[in-house]
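J.: sequence first, predicted model second:
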Number of protein chains: 2
Amino acid sequence: MKSIAIGELSRRAAVKVPTIRFYEERGLLPTPVRTEGNRRTYGEGDVRTLRFIRHARELGFEIEDIRTLLDLAGHPDRPCGEADAIARKHLADIDDRIARLTGLRREMQAMVEQCSGGDVGECRIIEVLADHGECLSDRH
Amino acid sequence: MKSIAIGELSRRAAVKVPTIRFYEERGLLPTPVRTEGNRRTYGEGDVRTLRFIRHARELGFEIEDIRTLLDLAGHPDRPCGEADAIARKHLADIDDRIARLTGLRREMQAMVEQCSGGDVGECRIIEVLADHGECLSDRH
DNA sequence: GCTTGCTCCTCTAGTCGCTGGAGGAAGTAG
DNA sequence: CTACTTCCTCCAGCGACTAGAGGAGCAAGC
């Protein structure tokens, strides 16, 4: 079984080298065996694990959640309720962020549309920023 | 003209005291006059400035942009093209984030719906995370 | 005048998830 | 043997705060 250097792991999982070391430090990747010359060596399992991590990160999961998900992935016999809960919570978070951003978008759109292109003195953008009362909503 | 202490400024602009000091350090708020006992003193103008900053932050503008917007707000005779550009760029950023989050939301929704509630071994959530090929899109 | 309790001061470090660089050692190809 | 690449550790920085330590100032009641 041939061993993989950190650079190759980096290419194969599309994760930068310092990031791999960072994940190791944070306990997401197991402490790798070192060569005589003190270099980290990895195997195919590490490629899979790292891809899992990267994928979860791309989907916006936090490191802590990924730690739990990785733990679960290593125990196929356990019930998947916890994974489900994490995913559902994450989905709710995303919905929340979309809702807030959509609200902001409306405000920004209104601001930009009202700018007449004159001087700052008449600029609605500056005016709206200066006075919260001008806003469409006060929830932000 | 009565002067305002940092605590009162904090309450009136709804910005925490350490955050006020942070804004001062970053050059968004002018260096305040100090009392004999070395305490910062503020005026009504500072309340307005701080509210402007907070409002812009709530709308998601970055500190650097706010610095420019504040500078513009202090010069009503200048053309407002720069403010308009900042606002438009910010709007585009928001659109971008909404689009990406909406994509993620679809993925997450699909993941959560496919979880049958059994063991981790059959869990679609873990499976999808482990294999990017399962995704609806590969842009993330 | 003294004590109590609040507000304020500076400085430092921590959050999150990386990213980049310095300075040096190890491995590899010609 | 040299040149080049990859790797090592350690440290600093990003953005926008937030929190805490340890101390000093200040107002009010006694």
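T.: That came through fine.

J.: next to DNA strand D, which bits of chain A? Give me the list.
T.: A:5, A:6, A:7, A:8, A:10, A:17, A:18, A:21, A:38, A:39, A:40 (C-beta under 7 Å from any atom of the strand). Glycine gets a C-beta too; all of them are placed from N, C-alpha and C.

J.: helix or strand for residue A:49, which one?
T.: Mapping residue A:49 onto the secondary structure by DSSP states H and E places it in helix A:44-58.

J.: is chain B contacted by that helix?
T.: Yes. Counting by C-beta under 8 Å from any C-beta of the partner chain, chain B has neighbours in helix A:44-58: A:48, A:51, A:52, A:55, A:56, A:58.

J.: can you check stretch A:19-33 too?
T.: No. Shown here: stretch A:19-33 not in contact with chain B (C-beta under 8 Å from any C-beta), separated by at least 12.9 Å.

J.: tell me how far the ends of that stretch are from each other?
T.: By C-alpha to C-alpha, to the nearest Å, the extent of stretch A:19-33 from end to end equals 18 Å.

J.: please apply the same query to stretch A:109-127.
T.: The first and last residues of stretch A:109-127 sit 15 Å apart, counting by C-alpha to C-alpha.

J.: quick check: mean pLDDT across that stretch?
T.: Stretch A:109-127 shows a mean pLDDT of 85.

J.: got it, and stretch A:32-49?
T.: For stretch A:32-49, mean pLDDT is 96.

J.: max-length helix in chain A?
T.: In chain A, ranked by residue count with DSSP state H as the criterion, the top helix is helix A:81-114.

J.: quick one, that helix and helix A:44-58 angle?
T.: Regarding helix A:81-114 and helix A:44-58, their directions subtend 40 degrees when assessed with axes from the mean of the first three to the mean of the last three C-alpha atoms, to 10 degrees.

J.: quick check: next helix or strand after helix A:81-114?
T.: Downstream of helix A:81-114, the first helix or strand assigned by DSSP H and E is helix A:124-130.

J.: so which other helices or strands are in contact with that next one?
T.: Contact here means 3 or more C-beta pairs under 8 Å, 6 or more residues apart in numbering or on different chains; DSSP states H and E; on that basis helix A:124-130 packs against helix A:81-114, helix B:44-58, helix B:63-73, helix B:81-114.

J.: of those, which is nearest DNA strand C?
T.: DNA strand C lies closest, by C-beta to the nearest atom of the strand, to one member of those: helix A:81-114, at 11.2 Å.

J.: ok, now how distant is the residue sitting nearest the centre point of chain A from residue A:24?
T.: For chain A, the residue nearest the mean C-alpha position is residue A:60 (3.4 Å; C-alpha atoms, centre = their mean). Distance of residue A:60 to residue A:24, given as C-beta to C-beta, to the nearest Å: 22 Å.

J.: find the closest residue to DNA strand D in chain A.
T.: With C-beta to the nearest atom of the strand, the shortest gap between chain A and DNA strand D falls at residue A:7, namely 2.1 Å.

J.: excluding covalently adjacent residues, which one is nearest to that residue?
T.: residue A:17 (6.4 Å; C-beta to C-beta, 6 or more residues apart in numbering or on different chains).

J.: that neighbour touches residue A:10, doesn't it?
T.: Yes. Applying C-beta atoms under 8 Å as the test, residue A:17 and residue A:10 come out as touching, 4.8 Å apart.

J.: tell me which of the two has more neighbours.
T.: The residue with more neighbours, out of residue A:17 and residue A:10, is residue A:10; 18 against 14, by other C-beta atoms under 10 Å in any protein chain shown.

J.: residues in contact with the more buried one?
T.: Under the criterion of C-beta atoms under 8 Å, 6 or more residues apart in numbering or on different chains, the contact partners of residue A:10 comprise A:16, A:17, A:20.

J.: hang on, the earlier thing: is it possible to get JSON lines of the helices and strands packed on helix A:124-130 that adds distance to residue A:70?
T.: Compiled in JSON lines, the helices and strands packed on helix A:124-130 are given as follows (distance: least, C-beta to C-beta, whole Å):
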{"stretch": "helix A:81-114", "distance to residue A:70": "11"}
{"stretch": "helix B:44-58", "distance to residue A:70": "35"}
{"stretch": "helix B:63-73", "distance to residue A:70": "36"}
{"stretch": "helix B:81-114", "distance to residue A:70": "16"}
